[in-house]
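S.K.: this one's sequence-less:
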């Protein structure tokens, strides 16, 4: 157990639907990062939050949104789902604002399948 | 911008050595290395911050050539447990974004 908790582990939904992925960071970590991993794209950075504030955005679609709550857990909302959104979504956490001297601790991921 | 990793895959016998390279076209602030086993989350191995810095994790070490924007990961006397996909992640100064390479799949055979 890495200390980063992601739920659910698996999710199967239909095209056009909306889902919410949840992440609880490791105790003491203020930064949360979301990544999408698909076979042909590798690990793609989506978005980063630090202590409730958005700090960096990557290749996140407009249909996707995220937030970090006062208790530091984060949610990634995916709407109007398409077949191409099927992927493994990882959450990671770290102590620092940026990457700095600290590595990321990844959760076990949520496997999303859109049918 | 994603860093470029090479080779894409490598097959080793136990005890052999290997080198994985990671390069970027942009000036880098830091380089991370992670290992991901099939069906699992990536696990942090090490981070390198300064040019020429070298670090180690068991018999796995890495170097970072800041002038060339390149990092290399060295697998020495490989063990079966070293099998997995190795990713480098690179950060440019002050942009808080860690971009990962496509990964290098390492298979160590007995």
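M.R.: Looks like it arrived, so ask away. Small disclaimer: the values here were computed from a predicted structure and weren't measured.
S.K.: May I have the predicted confidence score for residue B:68?
M.R.: Per-residue confidence (pLDDT) for residue B:68: 88.
S.K.: and the gap between the closest residue to chain B within chain A and residue B:13?
M.R.: Minimum separation of chain A from chain B (CB to the nearest CB) falls at residue A:103, amounting to 3.4 Å. Glycine gets a C-beta too; all of them are placed from N, C-alpha and C. Note on residue A:103: its distance to residue B:13, by CB to CB, to the nearest Å, is 30 Å.
S.K.: what about the two, which has more around it?
M.R.: Neighbour comparison, residue A:103 and residue B:13: the larger count goes to residue A:103, with 23 against 10 (by other CB atoms under 10 Å in any protein chain shown).
S.K.: Look up which residues are beta-bridged to residue 35.
M.R.: By default, I'm working from chain A. On the basis of DSSP bridges, residue A:35 is bridged to residue A:45, residue A:90.
S.K.: I was thinking of chain B, sorry if that wasn't clear
M.R.: Here residue B:35, judged by DSSP bridges, has bridge partners residue B:43, residue B:86.
S.K.: same check, this time on residue A:110
M.R.: According to DSSP bridges, the partner residues bridging residue A:110 are residue A:89.
S.K.: Next up, the contacts around it.
M.R.: Taking CB atoms under 8 Å, 6 or more residues apart in numbering or on different chains, we find residue A:110 in contact with A:6, A:7, A:8, A:9, A:10, A:11, A:21, A:88, A:89.
S.K.: Do you know the pLDDT at the residue of chain A closest to chain B?
M.R.: At residue A:103, the model reports a pLDDT of 87.
S.K.: State the phi and psi torsions of residue A:58.
M.R.: Here the main-chain torsion angles of residue A:58 (degrees, to the nearest 10) amount to phi -110, psi -140.
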